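K.L.:
For reference, the sequence and a predicted model appear below.
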Amino acid sequence: MTIPSVAVVILNWNGKALLEQFMPGVIKSVYPNLQLIVGDNNSTDDSVAFLKANYPQVRIIVNDHNYGFAEGYGKVLDQVEADYYVLLNSDVEVPENWIQPVIDAMEVDSNIAVAQPKIKWQKNKSQFEYAGAAGGYLDLHGFPFCRGRLFDTVEIDTNQYEDQREIFWASGAALFVRSKCWKEVGGLDPDFFAHMEEIDLCWRLKNLGYKVIYCPKAEVYHVGGGTLNANNPYKTYLNFKNNLVIMQKNLPLNDAYSRIFIRMSLDFIAWIHFLLQGKSDFAWAINKAHYHFLQNLSRNGKKRTAKQIDFLKHTGQYPSSIVWAYFIKKIRFFSQLP
């Protein structure tokens, strides 16, 4: 029986300190048919020199520009041949046997296109990590959240999410994807630059009938915020803009614009909230996000594929408002959602 080939690919930009901290663990990864690759987004530190001097077994692919997360990965993976790609953030600590359980789960069903392991916080390994936890979901209005994390409430892992299950989206912090599926949809959308590009990828694949799963038998430990932290208005801009774009691209046409209208109205509430907190730069980020979304309405409309599945028929959607559940009904844990 042929063992599937796996390429673990880390995208780096000026991340020498992270490579020094986490590359030793990645090197120890146990899998019988494995490539280790670092794609460098034209770093200005000495990341590449550090890798060449200390890790000659790692293949280095250097981009001629900082293309961001989405396009950067696209340019690197165009040069990689493997059955599975693993997009691994540079700020993720991995144990030795983190690859095999996920590949085993995906090999059972050829219709599984994407998977993620359990993602926990590197600074407190008893706690789930904000940007992935035990798998991603979307609510009725397109707000992303996770099993194990509702807004700023992150759960302690008490083995409450040990069931392998289909989810809506997998975190880009440690994303396993079949290379043929990646190529079928053209990989990540380069216009995203960063944030929510993995949700868009998963949604496009789900619209084609593929599955996205969470595999609890493997876990990794993510620092989080390694490139853009939560206090950066640019992150707010990317999240608000890209959230609208994924809805436009992937919802059925008769549903897209009504949901987008509602979502933009909810964004207005967030805009007022930022102003009342004295965070005018974050409020301005929402203004800019909406402006650029509307400016590129035609461009992104052309990216719509021929097939969109009704949102409520997707596995991993929550058919109500997570905002209402969290802020009004005071629900703090995924298990409490009706």
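P.N.:
Here it is on my side, so go on.
K.L.:
drop to CA atoms for contacts and neighbour counts, all remaining ones
P.N.:
OK.
K.L.:
which residues touch stretch 75-93?
P.N.:
Stretch 75-93 has contacts (C-alpha atoms under 8 Å, 6 or more residues apart in numbering) with 4-12, 15, 18-19, 22, 25-26, 39, 61-63, 122, 172-180, 220-224, 226.
K.L.:
Roughly how far does residue 245 sit from residue 324?
P.N.:
As defined by C-alpha to C-alpha, to the nearest Å, residue 245 lies at a distance of 23 Å from residue 324.
K.L.:
Could you count how many residues lie near residue 46?
P.N.:
By other C-alpha atoms under 10 Å, 11 other residues sit near residue 46.
K.L.:
An error on my part: the question was meant for residue 42.
P.N.:
The number of residues packed near residue 42 is 19, by other C-alpha under 10 Å.
K.L.:
list the contacts for it?
P.N.:
So residue 42 contacts 13, 62, 63, 64, 65, 66 (C-alpha under 8 Å, 6+ apart).
K.L.:
one more time with 6 Å, if that's ok
P.N.:
63, 64, 65, 66 (C-alpha atoms under 6 Å, 6 or more residues apart in numbering).
K.L.:
ok, now how distant is the residue lying closest to residue 106 once chain neighbours are set aside from residue 125?
P.N.:
Distances taken as C-alpha to C-alpha, 6 or more residues apart in numbering place residue 112 nearest to residue 106, at 5.7 Å, with adjacent residues excluded. To residue 125, residue 112 is 28 Å away according to C-alpha to C-alpha.
K.L.:
ok, the two, which is more surrounded?
P.N.:
residue 112 (21 against 15).
K.L.:
Wait, the more buried one touches residue 209, no?
P.N.:
No - judged on C-alpha atoms under 6 Å, residue 112 makes no contact with residue 209 at a distance of 9.4 Å.
K.L.:
thinking again about what came up before, need the contacts of residue 42 in a markdown table (columns: pLDDT, neighbour count and secondary structure).
P.N.:
What follows is these, written out as a markdown table (pLDDT from 0 to 100; neighbours: other C-alpha atoms under 10 Å; DSSP: H, G, I helix; E, B strand; the rest coil):
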| residue | pLDDT | neighbour count | secondary structure |
| --- | --- | --- | --- |
| 63 | 98 | 16 | coil |
| 64 | 96 | 12 | coil |
| 65 | 94 | 11 | coil |
| 66 | 95 | 16 | coil |
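K.L.:
Helix, strand or coil: sort out residue 116 for me.
P.N.:
Under DSSP: H, G, I helix; E, B strand; the rest coil, residue 116 falls in the strand class.
K.L.:
what are the pairing partners of the lengthiest strand in the chain, and which direction each?
P.N.:
Secondary structure of the chain read by DSSP state E shows that its longest strand is strand 211-222. Taking DSSP bridges as the criterion, strand 211-222 pairs within the sheet with strand 92-93 (antiparallel), strand 112-121 (parallel), strand 165-166 (antiparallel).
K.L.:
For residue 184, find the nearest of these.
P.N.:
strand 112-121 (10.7 Å; C-alpha to C-alpha).
K.L.:
continuing past that closest one, what's the next helix or strand?
P.N.:
strand 124-128 (DSSP states H and E).
K.L.:
Just want the angle from that next one to strand 211-222.
P.N.:
Relative orientation of strand 124-128 versus strand 211-222 (axes from the mean of the first three to the mean of the last three C-alpha atoms, to 10 degrees): 150 degrees.
K.L.:
Can you tell me what sits against the following helix or strand past strand 124-128?
P.N.:
Of the helices and strands lying after strand 124-128 in sequence (DSSP H and E), the nearest is strand 136-139. Here strand 136-139 makes contact (C-alpha under 6 Å, 6+ apart) with 144, 145, 146, 168, 169, 170, 316, 317, 318, 321, 322.
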